[in-house]
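K.L.:
Just the structure for this:
(chains A and B)
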Number of protein chains: 2
Amino acid sequence: MTVKVLTIKEDILGMNKAKAGQNRERLHTHGILAVNVMSSPGSGKTSLILRTISGVKANSRIAVIEGDIASQVDADKVHEQGVPVIQINTGDRCHLDANMMEKAMDHLALGDIDLLLIENVGNLVCPAEFDLGEHRKVMILSAPEGDDKPYKYPLMFTEADVVLINKVDLLPYLDFDLTRFIQVVSGLNPKARILPISCKTGEGLEAWLSWLVSEMDDKKTVSK
Amino acid sequence: MTVKVLTIKEDILGMNKAKAGQNRERLHTHGILAVNVMSSPGSGKTSLILRTISGVKANSRIAVIEGDIASQVDADKVHEQGVPVIQINTGDRCHLDANMMEKAMDHLALGDIDLLLIENVGNLVCPAEFDLGEHRKVMILSAPEGDDKPYKYPLMFTEADVVLINKVDLLPYLDFDLTRFIQVVSGLNPKARILPISCKTGEGLEAWLSWLVSEMDDKKTVSK
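P.N.:
Numbers count the residues shown, from 1 in each chain, chains lettered A, B, ... in the order given. The predicted structure is shown next:
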């Protein structure tokens, strides 16, 4: 709440932005598409990543960076799919930053990767402020979280290139107004692609995968 | 990730702790029980507060502090119940702190309050680190978030006096192992009271309200 804290934060964000630019340049030289996946805890980031690996691994080389306060349960699940994965434990930090991203990239064979999926720490606030050097930001809202979240966490919704509404298989049991939610998000962020999905049933995942493949194709063309 | 950032954070936490102590002393002189309610976005903090107001307002004077990044939709819902409410908009801050709490208390008639409910910003990480001067910490996990959250956000689970498992009406449609979850939380935090509830159906709320009333009675006795 003091000016001092805000100044410190601006310095941190400025340094982070510069480092993120370096990361993006480094990814670009290898023709890698990097996607930053963000959401609240338990909205389905890991489930989406596992579904995405199954959907594109036949034609693309994937790597994953897993960000968590503690534990490596998500990294273990990705590792079981035979995909290179780096776990970052942030300790008391509630988001990934560009320095952490750089360190994780140092441990990956960048020449062998087409798609880098980054699972951010489960948090709808700070991850939206910290550029990692990714090319696209994807956020997931889980339907049980409620359709009022864009009002309360606006930055995340305005920053996202894609807004995925996960767990739509639960909609019959929830008071979630899908039409209203899509209208509100479109108002906040007209360029966002908004896709209802269920990582449990597979509903809607074709549209997500087809967007992702098209972004990878664009990246390859630009890098050549 | 640099030592500089960590040092700043330690200073912030130290200053916060001192201010929190002053807030607690001020609450104590008025015999107020202050409860800090924390969870991910959309786990049911506001629903719990509305249910709690209905459950205890006949015999207790309640006030509410609402913490949000933006908006006052939650404060409006509380206000409709005829309860004094102060909305704090934190801007880019992902948690409440003791300074914000002090400022909110300045706007409340402390002599007319028995129970102060504080709804923290929706976030399972930083709110657990910042003492506000409250007497009890309550965290809510919504069942759709999954039973693996204690591994990934351990501080929140170890700090809580009460862990509420909300939306248990959805358990038939989820892969949530309630027995395992309770075992894991008990292992991390043996003193925590763990209560399954549904703010939608009302299931389990009697146990929550009876805990709360008993804590208020203790507070009154101690303050006399």
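
K.L.:
Wait, A:Thr201 touches A:Asp169, no?
P.N.:
Yes. Using CB atoms under 8 Å, A:Thr201 is in contact with A:Asp169, at 5.0 Å. (C-beta placed from N, C-alpha, C; glycine too.)

K.L.:
Between the two, which is the more surrounded one?
P.N.:
Legend: neighbour count by other CB atoms under 10 Å in any protein chain shown for A:Thr201 and A:Asp169, higher for A:Asp169 (16 against 11).

K.L.:
what about chain A, any weak spots by pLDDT?
P.N.:
The model of chain A has pLDDT under 70 over residues A:1-10, A:223-224.

K.L.:
Nearest to the spatial middle of it, which residue is it?
P.N.:
Central residue of chain A (CA atoms, centre = their mean): A:Val37, 1.0 Å from the mean position.

K.L.:
List the contacts of that residue.
P.N.:
A:45, A:48-49, A:117-120, A:138-140 (CB atoms under 8 Å, 6 or more residues apart in numbering or on different chains).

K.L.:
Mark which of those are part of strands, please.
P.N.:
The strands, defined by DSSP state E, take in A:117-119, A:138-140 from the contacts of A:Val37.

K.L.:
could I get these as CSV with distance to B:Glu66?
P.N.:
Shown next, in CSV, are the ones in strands among the contacts of A:Val37 (distance: CB to CB, whole Å):
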residue, distance to B:Glu66
A:Leu117, 35
A:Ile118, 32
A:Glu119, 30
A:Val138, 29
A:Met139, 24
A:Ile140, 25
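
K.L.:
chain center to the longest helix seen in chain A, what's the gap?
P.N.:
As assigned by DSSP state H, the longest helix anywhere in chain A is helix A:3-29. Offset of helix A:3-29 from its chain centre (CA atoms, centre = their mean, to the nearest Å): 18 Å.

K.L.:
What's the first helix or strand after it?
P.N.:
Per DSSP states H and E, the first helix or strand lying C-terminal to helix A:3-29 is strand A:33-39.

K.L.:
Can you tell me the strand partners of that following strand and which way each runs?
P.N.:
Each strand paired with strand A:33-39, and its direction, by DSSP bridges: strand A:115-119 (parallel), strand A:136-142 (parallel).

K.L.:
hey, C-alpha coordinates of it in PDB?
P.N.:
C-alpha atoms of strand A:33-39 as PDB (Å, rounded to 0.1, in the frame of the first residue of the first chain):
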ATOM      1  CA  LEU A  33       6.200 -21.700 -30.100                       C
ATOM      2  CA  ALA A  34       6.000 -21.000 -26.300                       C
ATOM      3  CA  VAL A  35       2.500 -21.000 -24.600                       C
ATOM      4  CA  ASN A  36       2.000 -19.800 -21.000                       C
ATOM      5  CA  VAL A  37      -0.900 -21.700 -19.400                       C
ATOM      6  CA  MET A  38      -2.500 -19.800 -16.500                       C
ATOM      7  CA  SER A  39      -5.500 -20.400 -14.100                       C
END
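
K.L.:
gap between it and the chain center?
P.N.:
Centroid displacement of strand A:33-39 relative to its chain, using CA atoms, centre = their mean, is 2 Å.

K.L.:
And stretch A:207-216, by the same measure?
P.N.:
A distance of 14 Å separates the centroid of the chain from that of stretch A:207-216, by CA atoms, centre = their mean.

K.L.:
hmm, back to that, mind putting the contacts of A:Val37 in CSV, neighbour count and distance to A:Ala109 included?
P.N.:
Output for these, formatted as CSV (neighbours: other CB atoms under 10 Å in any protein chain shown; distance: CB to CB, whole Å):
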residue, neighbour count, distance to A:Ala109
A:Lys45, 29, 24
A:Leu48, 22, 24
A:Ile49, 25, 19
A:Leu117, 26, 16
A:Ile118, 28, 17
A:Glu119, 26, 19
A:Asn120, 28, 22
A:Val138, 27, 24
A:Met139, 27, 29
A:Ile140, 24, 28
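
K.L.:
Please, where are all the strands along chain A?
P.N.:
For chain A, strands defined by DSSP E occupy the ranges A:33-39, A:62-68, A:85-89, A:115-119, A:136-142, A:162-166, A:193-196.

K.L.:
could I get the ones you listed as TSV with distance to A:Lys219?
P.N.:
Formatted as TSV, these follow (distance: least, CB to CB, whole Å):
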stretch	distance to A:Lys219
strand A:33-39	4
strand A:62-68	14
strand A:85-89	21
strand A:115-119	9
strand A:136-142	10
strand A:162-166	15
strand A:193-196	17
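
K.L.:
nearest to B:Pro196, of those?
P.N.:
Smallest distance to B:Pro196 across the strands of chain A (CB to CB): 19.5 Å, for strand A:136-142.

K.L.:
quick one, that closest one and strand A:162-166 angle?
P.N.:
Angle, strand A:136-142 to strand A:162-166, by axes from the mean of the first three to the mean of the last three CA atoms, to 10 degrees: 20 degrees.

K.L.:
who's in contact with strand A:136-142?
P.N.:
A:33-40, A:42-45, A:48, A:124, A:128, A:149, A:156-157, A:159-167, A:181, A:215, B:42, B:144-145.

K.L.:
So in terms of bridging, what pairs with A:Val37?
P.N.:
A:Glu119, A:Val138.

K.L.:
residue contacts, A:Cys94?
P.N.:
By CB under 8 Å, 6+ apart, the contact set of A:Cys94 is A:69, A:121, A:123, A:125-127, B:94, B:123, B:125-126.

K.L.:
Leaving out chain neighbours, which residue sits closest to it?
P.N.:
B:Val125 (3.7 Å; CB to CB, 6 or more residues apart in numbering or on different chains).

K.L.:
Surely the one you found is in contact with A:Val121?
P.N.:
Yes. Counting by CB under 8 Å, B:Val125 does reach A:Val121; the two are 6.9 Å apart.

K.L.:
Find residues that contact each of those two.
P.N.:
Residues within reach of B:Val125 and of A:Val121 at once, by CB under 8 Å, 6+ apart, are A:69, A:94.

K.L.:
how deep is A:Lys103 tucked in, by neighbour count?
P.N.:
For A:Lys103, the number of neighbouring residues by other CB under 10 Å comes to 13.

K.L.:
distance of it from A:Leu178?
P.N.:
40 Å (CB to CB, to the nearest Å).
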